[in-house]
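sequence unknown, structure follows:
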């Protein structure tokens, strides 16, 4: 088996609001329409029903023409009864087709809107940890709440409006041509006067529409940052600064919205003016044709109404096209996002571990660097026996946390490979891999739900008894029973109603109920006070018993009792051994202890490191 594994590189990792590729508008638009493919049969029925509705609506005007020319002027009662019967039948057909059209329209648009939202969310989950590290949460929320919503609006409003307006325009054009092609030649060029100025207005609307979409995304990001950073703003007394930043972003957004509305209003004014000029020409030309006997009264009335319908339908088509043109910009951002390939993907032919996972880990010549960053790991080698506890120490920036991310396969190394029970991680199914590993971070995320649900998150099918047993093993049961609703107490957003030590013990209970074979601890106690650290450390002892463990730590008390301590230096394994062996050797670990890099809180370690650099 080859010792070198080259991870697939992401084809496109551009952020949605970053530099965009120049995709032709039609390509983006057809991609947006591709979500209608599963419903193309229903879409064909929708168009057919819409065509029947449009023909029926315009046939009513034809009936009016025949009534004026044949029944009213000539007092033909038989013709009147016949026209009334035909009119009633057409109305019945129109209402039936309209009901079918409305039903099909709702089904298609809601299914397509649901599909794009589900696809975007599923792809977001597929992109995984590396995507979240490179893109702020506010940016991702803006993509889901603004851009995806814009595409949904296209399916729900603009596309049905465009289809219905286009069908009505085509049918109306056929009826006016059947009455008098000469009048069409007189009137339509007047309406085309709009296109002398209209394209300029359309470009302005498109430009400011794009600005509005970009500034809406910036506003959503600013709003998210302000809400999540409220504590920091108050602590530093910078509420005014935060409010001013939000107001500036809001003013910029409002300015672009006003510009869009202004140019849309000017465009509509010019279009209406040109159509009214055409109506004046129609009256002038039709009166002469009527006097000459080439146009009947019924034809004049019907043509006038057809002309109004045709101008309205034409305006609606143009408006729908412009609105969708604005949405193409947001659709392009979603298309770029949906075409982003994840850094980590499922293997084409996965290997399954059929026996219970033992937890044997091997790093073989592992090399890794973050995108556009310097090398972090350079030929790292390590072999760990099942159930062995490994502490990882070293100065900042040497790749300690990166080792845990590679173990969890949040990233793939650019060279070498990592093996679980002798099988390279990149050949295992992500599901089986993630079931075998468990994480406890420095700040574990708790969901805004009950204590019970947060523990059950580790294994959704766990019973209430198993949840309590896990909490007892994690030294969490006693404080949970003191909460107002005990296990049903809501912990608040991100566990805000609990202390740091309590949150960590619930996270450990969640990990215990998952029962992973390999546990990864990323400074799980470094943010806690001494009393909380002692409680959490007791809980960790229960969690780590018999499990392969990797712990990144900066406190001496955390690492000294581990089976082996690994010192990472410049992306390589600097030295390895028990605490006593390494201290007796007086090598890298001894130096870290003497310099105060182990056993101190994170802020004091950073201060000492800065002092050492200055000296």
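Structure's in. What do you need? What you see is a predicted model; the values in this text were computed from it and never measured. Residues are numbered from 1 along each chain as shown.

which residue is nearest the centroid of the protein?
residue 144 (3.9 Å; Cα atoms, centre = their mean).

list the helices and strands the longest helix along the chain packs on?
Ranked by number of residues, the top helix in the chain under DSSP state H is helix 77-134. With contacts taken as 3 or more Cβ pairs under 8 Å, 6 or more residues apart in numbering; DSSP states H and E, helix 77-134 sits against helix 40-66, helix 148-153, helix 159-179, helix 297-338. No exception for glycine: its C-beta is placed from N, CA and C like everyone else's.

one more time with 7 Å
helix 40-66, helix 148-153, helix 297-338 (3 or more Cβ pairs under 7 Å, 6 or more residues apart in numbering; DSSP states H and E).

which of those has the highest mean neighbour count?
helix 297-338 (a mean of 21; mean count of other Cβ atoms under 10 Å).

now the very next helix or strand once past that one: average pLDDT?
Scanning forward in sequence from helix 297-338 by DSSP states H and E, the next helix or strand is strand 361-369. The predicted model assigns strand 361-369 a mean pLDDT of 89.

run me through the strand neighbours of strand 361-369, direction for each.
strand 375-384 (antiparallel), strand 415-420 (antiparallel) (DSSP bridges).

dump the ones you listed to JSON lines, plus distance to residue 439.
Shown next, in JSON lines, are the strands paired with strand 361-369 (distance: least, Cβ to Cβ, whole Å):
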{"stretch": "strand 375-384", "distance to residue 439": "17"}
{"stretch": "strand 415-420", "distance to residue 439": "15"}
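
run through the stretch 251-400 of the chain and note the low-pLDDT ranges.
Applying pLDDT under 70 to the stretch 251-400 of the chain flags no residue at all.

then the stretch 401-550 of the chain?
494, 524-533, 535-536, 542-543.

contact partners for the residue nearest to residue 162 when sequence neighbours are not counted?
Leaving aside its chain neighbours, residue 162 sits nearest to residue 320 (3.8 Å; criterion: Cβ to Cβ, 6 or more residues apart in numbering). Contacts here follow Cβ atoms under 7 Å, 6 or more residues apart in numbering; on that basis residue 320 touches 158, 161, 162, 165.

tell me the one of those nearest residue 452?
residue 158 (45.3 Å; Cβ to Cβ).

wait, doesn't the closest one sit right on residue 323?
Yes - with contact defined as Cβ atoms under 7 Å, residue 158 counts as touching residue 323 (5.0 Å).

coming back round to it: now tabulate the contacts of residue 320 in JSON lines and tack on pLDDT, neighbour count and distance to residue 45.
Listed next are the contacts of residue 320 as JSON lines, based on pLDDT from 0 to 100; neighbours: other Cβ atoms under 10 Å; distance: Cβ to Cβ, whole Å:
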{"residue": "158", "pLDDT": "82", "neighbour count": "19", "distance to residue 45": "20"}
{"residue": "161", "pLDDT": "86", "neighbour count": "17", "distance to residue 45": "18"}
{"residue": "162", "pLDDT": "87", "neighbour count": "19", "distance to residue 45": "17"}
{"residue": "165", "pLDDT": "88", "neighbour count": "22", "distance to residue 45": "19"}
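
nearest to residue 434, of those?
Nearest member of these to residue 434, counting by Cβ to Cβ, is residue 158, at 40.8 Å.

what's near enough to touch that closest one?
320, 323, 324, 327.

the third one and residue 505, how far apart?
Right, residue 324. Residue 324 sits 53 Å away from residue 505, going by Cβ to Cβ, to the nearest Å.

what's the answer for the second one, then?
In this structure, residue 323 lies at 54 Å from residue 505, with Cβ to Cβ as the measure.

now the first one
Note on residue 320: its distance to residue 505, by Cβ to Cβ, is 57 Å.

need the helices and strands packed on helix 77-134 in JSON lines with distance to residue 456, can you?
JSON lines is the format used below for the helices and strands packed on helix 77-134 (distance: least, Cβ to Cβ, whole Å):
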{"stretch": "helix 40-66", "distance to residue 456": "41"}
{"stretch": "helix 148-153", "distance to residue 456": "30"}
{"stretch": "helix 297-338", "distance to residue 456": "32"}
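
neighbours of the nearest residue in space to residue 590 that is not next to it in sequence, how many?
Closest residue in space to residue 590, ignoring its immediate chain neighbours: residue 583 at 5.5 Å, by Cβ to Cβ, 6+ apart. Neighbours of residue 583 under the rule other Cβ atoms under 10 Å: 15.

can you classify the residue nearest to the centre of the chain as helix, strand or coil?
helix (DSSP: H, G, I helix; E, B strand; the rest coil).

could you list which residues are in contact with the spatially closest residue to it that is not a sequence neighbour?
Once flanking residues are discounted, residue 144 sits nearest to residue 120: 6.4 Å by Cβ to Cβ, 6+ apart. Residue 120 is in contact with 144, 148, 334, 338, counting by Cβ under 7 Å, 6+ apart.

save the residues you listed as TSV, and put in distance to residue 485 too.
Formatted as TSV, the contacts of residue 120 follow (distance: Cβ to Cβ, whole Å):
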residue	distance to residue 485
144	32
148	36
334	42
338	42
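
OK, contacts around residue 571?
Neighbouring residues of residue 571 by Cβ under 7 Å, 6+ apart: 375, 376, 377, 378, 380, 398, 399.

skipping its backbone neighbours, what lies nearest it in space?
Per Cβ to Cβ, 6+ apart, closest to residue 571 is residue 378, 3.9 Å.

next, count neighbours for that neighbour.
17.

ok, now residue 417?
Neighbours of residue 417 (other Cβ under 10 Å): 24.

likewise residue 351?
13.

how about it, what does it touch?
423, 427, 428.

and of these, the nearest to residue 81?
residue 428 (80.6 Å).

give me the neighbour count for that closest one.
23.

identify the bridge partners of it.
Applying DSSP bridges, one finds that residue 428 bridges with residue 351.

correct me, but it touches residue 349?
No - counting by Cβ under 7 Å, residue 428 sits too far from residue 349 to count as a contact (11.3 Å).

hmm, back to that, give me the buried subset of the contacts of residue 571.
Neighbour counting by 16 or more other Cβ atoms under 10 Å classes 376, 377, 378, 380, 398, 399 among those as buried.

if we can go back for a sec, nearest to residue 567, of the contacts of residue 571?
Nearest member of the contacts of residue 571 to residue 567, counting by Cβ to Cβ, is residue 398, at 8.9 Å.

report the secondary structure state of the residue nearest to that closest one when sequence neighbours are not counted.
Distances taken as Cβ to Cβ, 6+ apart place residue 568 nearest to residue 398, at 4.6 Å, with adjacent residues excluded. For residue 568, the secondary structure call by three-state DSSP comes out as strand.

please name the bridge partners of residue 568.
residue 573.

and it, what is it in contact with?
For residue 568, the contacting residues are 392, 394, 398, 399, 400, 574, by Cβ under 7 Å, 6+ apart.

next step: those restricted to strands.
Taking DSSP state E, the ones among those that sit in strands are 392, 574.

distance to residue 293 added to the contacts of residue 568, as JSON lines?
Below are the contacts of residue 568 laid out as JSON lines (distance: Cβ to Cβ, whole Å):
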{"residue": "392", "distance to residue 293": "100"}
{"residue": "394", "distance to residue 293": "101"}
{"residue": "398", "distance to residue 293": "98"}
{"residue": "399", "distance to residue 293": "94"}
{"residue": "400", "distance to residue 293": "97"}
{"residue": "574", "distance to residue 293": "105"}
